[in-house]
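Trainee: here is my input, please return the structure:
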Amino acid sequence: MSSRRLSDLRLADGSRVIRTPGQNAVTPFSGEKDVSNYRSSISGRRVLVTGAGGSIGSELVAQIAMLGPAHLVLVEACEYNLYQIGQTIERLKPTFGWTANICDIRDEDAVRSLFVREKPEIVFHAAALKHVPLLEDQNVIEAARTNVLGTKIVLDLCCAFGADFVMISTDKAVNPSSCMGLTKRVAEVYVHDRAKRFTGIRASLVRFGNVLGSSGSVAPLFQKQIEAGGPVTVTHPKMTRYLMTIDQAVRLTLAASSLPQQGFSLYVLDMGRPVRIVDMAIEMIKRAGLRPFLDIDIQFVGVRPGEKLHEELSYGWEELLPTAIKGVRSAKPRFDPEPKLHLIDTLLAAANARDAKSVKQALVEIVPEYVGAKRRVERQRKTKMWAAAEQPFAVAPAPAQLETPAATLPEPPLRKIRLAGVDRR
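Mentor: Now for the predicted structure:
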């Protein structure tokens with residue numbers, strides 16, 4: 001496995017785990033015009049990246065550094081992560097100036113001081129708490145403070161200083177089933193409202209699914225489990241996820257930021273079809289020269305708190321339209337964020353009071369599309385697919401784009417595969 005890129009993995013049916021450039025893939029550049037627009041959004045500008053030491057943030061920094069910014073500002077709360085990305089920049093021997101700043105985006109005074117000093121012209125907002133099960137209980141307070149309050153502080157300062165704003169969002173914000181997804185959806189609502197009120201800036205959301213190789217992602221976990229001799233742990237045989245490499249997701253994000261726009265834009269990346277996680281585990285075991293279920297066992301451990309079996313990339317009220325850049329779609333939401341603003345104030349007051357119960361209540365009130373834990377448990381009890389590994393189980397095919405709230409969706413049609421036997425394709 002170490003000699004092969006994760007992006008080279010294929011599913012059991014022969015299709016690739018993800019689509020990569022040069023392989024009938026989504027690519028951010030469909031012609032010379034796209035390359036020019038892509039570079040022009042960065043070249044000669046003062047660029048600030050929050051969460052600069054994270055998985056997405058560090059790749060943003062690396063790619064932005066190749067596009068000739070006038071000045072690059074790294075913002076990161078973790079000292080070690082900031083040191084690491086700083087070392088990466090130094091190895092590039094850049095011709096532009098850059099600064100590395102230890103800064104918590106929840107500290108309004110610190111972020112304001114940073115804006116006054118650095119005067120950014122475009123801000124890529126990648127800072128977020130993102131680990132779904134970890135943020136379900138008391139940590140929901142920190143999720144609200146980082147994903148909502150932190151976004152509010154950064155965006156409000158962009159509005160005040162006239163800087164463009166590009167936020168990294170997630171498919172987990174669509175009909176969310178987790179506190180993490182709820183906080184990211186609330187952040188989307190706030191960005192939408194501010195952009196409608198402050199028409200002098202460009203405010204963009206870029207929404208996509210899971211990225212391979214990010215911190216906490218499943219592929220590195222599977223690889224460690226395989227190297228340790230197993231078992232490989234999969235939550236549920238029916239679980240699917242949209243997957244893309246970090247490099248590709250960031251290239252498309254930067255390409256989206258180059259598109260002409262006025263005010264607010266929501267971009268949804270084309271992630272291809274969802275990938276069955278069990279197929280990915282089986283293929284990784286085979287790539288290591290081992291036999292699934294014989295040399296390396298696969299155990300189904302159940303859906304964790306906050307997780308859904310299938311994610312969605314857009315709401316039914318978001319009309320998806322193609323853009324000039326292949327792989328980037330523009331969504332036109334038929335949604336008015338203004339009535340939610342006073343509820344966001346209530347949410348942040350509860351978070352500052354460190355009242356987890358009130359935080360959760362406020363989140364659900366703002367995002368009524370929330371699919372709660374009770375419904376997830378009911379669905380798990382109906383399927384019981386992971387309980388008997390020696391029996392045949394059902395795996396859902398890739399779901400189509402969904403246009404109704406997740407709470408009302410029927411179970412998708414099933415395709416039988418077997419666990420018994422040597423070759424479990």
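Trainee: contacts, neighbours, all on C-alpha from now
Mentor: Noted.
Trainee: tell me the spacing between A187 and A100.
Mentor: Distance, A187 to A100, by CA to CA, to the nearest Å: 25 Å.
Trainee: the longest helix anywhere in the chain - contacts with which helices or strands?
Mentor: Taking DSSP state H as the criterion, the chain has its longest helix at helix 179-197. Using 3 or more CA pairs under 8 Å, 6 or more residues apart in numbering; DSSP states H and E, the elements in contact with helix 179-197 are helix 140-143, helix 151-161, strand 164-170, strand 203-208, strand 264-269, helix 356-366.
Trainee: and for the helix or strand following the fourth one, what's in contact with it?
Mentor: Read it as strand 203-208. For strand 203-208, the succeeding helix or strand toward the C-terminus, using DSSP states H and E, is strand 210-212. Outside strand 210-212, the residues that touch it by CA atoms under 8 Å, 6 or more residues apart in numbering are 6, 170, 217-219, 241-246, 249.
Trainee: so which of the residues you listed are in helices?
Mentor: Using DSSP H, those in helices are 218-219, 246, 249.
Trainee: what's the burial count for Y80?
Mentor: 12 (other CA atoms under 10 Å).
Trainee: residue ranges with poor pLDDT in the stretch 301-425 of the chain?
Mentor: 373-425 (pLDDT under 70).
Trainee: all the strands of it, residue numbers only.
Mentor: Using DSSP state E, counting those that start in this stretch, the strands of the stretch 301-425 of the chain run over 318-322, 328-333, 393-395, 415-417.
Trainee: follow-up on the earlier one: A187 and A100: who's more crowded?
Mentor: Using other CA under 10 Å as the criterion, A187 and A100 rank with A187 on top: 25 against 16.
Trainee: now do the same contact list for that one.
Mentor: Applying CA under 8 Å, 6+ apart, the residues near A187 are 147-148, 151-152.
Trainee: relative to E136, how far out is the residue lying closest to A143 once chain neighbours are set aside?
Mentor: If the residues on either side of it in the chain are set aside, A143 comes closest to L129, at 5.8 Å by CA to CA, 6 or more residues apart in numbering. Look at L129 and E136: by CA to CA, they are 12 Å apart.
Trainee: check D279 too.
Mentor: Plainly put, D279 is 27 Å away from E136 if you go by CA to CA.
Trainee: more neighbours: which of those two?
Mentor: Neighbour totals were compared for D279 and E136, and D279 leads with 22 against 18 (other CA under 10 Å).
Trainee: in which helix or strand does the more buried one reside?
Mentor: Using DSSP H and E, D279 maps to helix 277-287.
Trainee: list the buried ones in that helix?
Mentor: 277-285, 287 (16 or more other CA atoms under 10 Å).
Trainee: next SSE downstream of that helix?
Mentor: Heading towards the C-terminus - elements assigned by DSSP H and E - helix 277-287 is followed by strand 298-300.
Trainee: by contact count, what packs against that next one?
Mentor: Using 3+ CA pairs under 8 Å, 6+ apart, strand 298-300 sits against strand 232-234.
Trainee: any idea of the mean pLDDT for the strand it packs on?
Mentor: Strand 232-234 shows a mean pLDDT of 94.
Trainee: which residues are in contact with it?
Mentor: Outside strand 232-234, the residues touching it (CA under 8 Å, 6+ apart) are 222, 225-226, 277-278, 281, 296-302.
Trainee: go again with 10 Å.
Mentor: 218, 221-226, 277-278, 280-282, 285, 292-293, 296-303, 386 (CA atoms under 10 Å, 6 or more residues apart in numbering).
Trainee: run a quick neighbour tally on S113.
Mentor: S113 has 11 neighbours, counted by other CA under 10 Å.
Trainee: now do the contacts for it.
Mentor: K119.
Trainee: chain neighbours aside, what residue packs nearest to T233?
Mentor: Per CA to CA, 6+ apart, closest to T233 is Q299, 4.9 Å.
Trainee: cool, and G306?
Mentor: S178 (4.0 Å).
Trainee: what is the burial count for that neighbour?
Mentor: 25.
Trainee: cool, and G230?
Mentor: 19.
Trainee: list the residues that contact it.
Mentor: 222-224, 285, 292-293, 295-299.
Trainee: what does V364 give?
Mentor: 176, 179, 182-183, 186, 358, 370-372.
Trainee: kindly recompute the last result at 6 Å.
Mentor: If a contact means CA atoms under 6 Å, 6 or more residues apart in numbering, then V364 has no contacts.
Trainee: and it, how far is that from S41?
Mentor: 37 Å.
Trainee: same thing with L157?
Mentor: Taking CA to CA, one finds L157 at 20 Å from S41.
Trainee: next: L348.
Mentor: 33 Å.
Trainee: quick check: I56 vs A324, distance?
Mentor: Distance from I56 to A324, by CA to CA: 24 Å.
Trainee: and what of S258?
Mentor: Taking CA to CA, one finds S258 at 10 Å from A324.
Trainee: now do the contacts for V189.
Mentor: P337.
Trainee: just grab the bridge partners of V123 for me.
Mentor: With DSSP bridges as the criterion, V123 is bridged to L48, F165.
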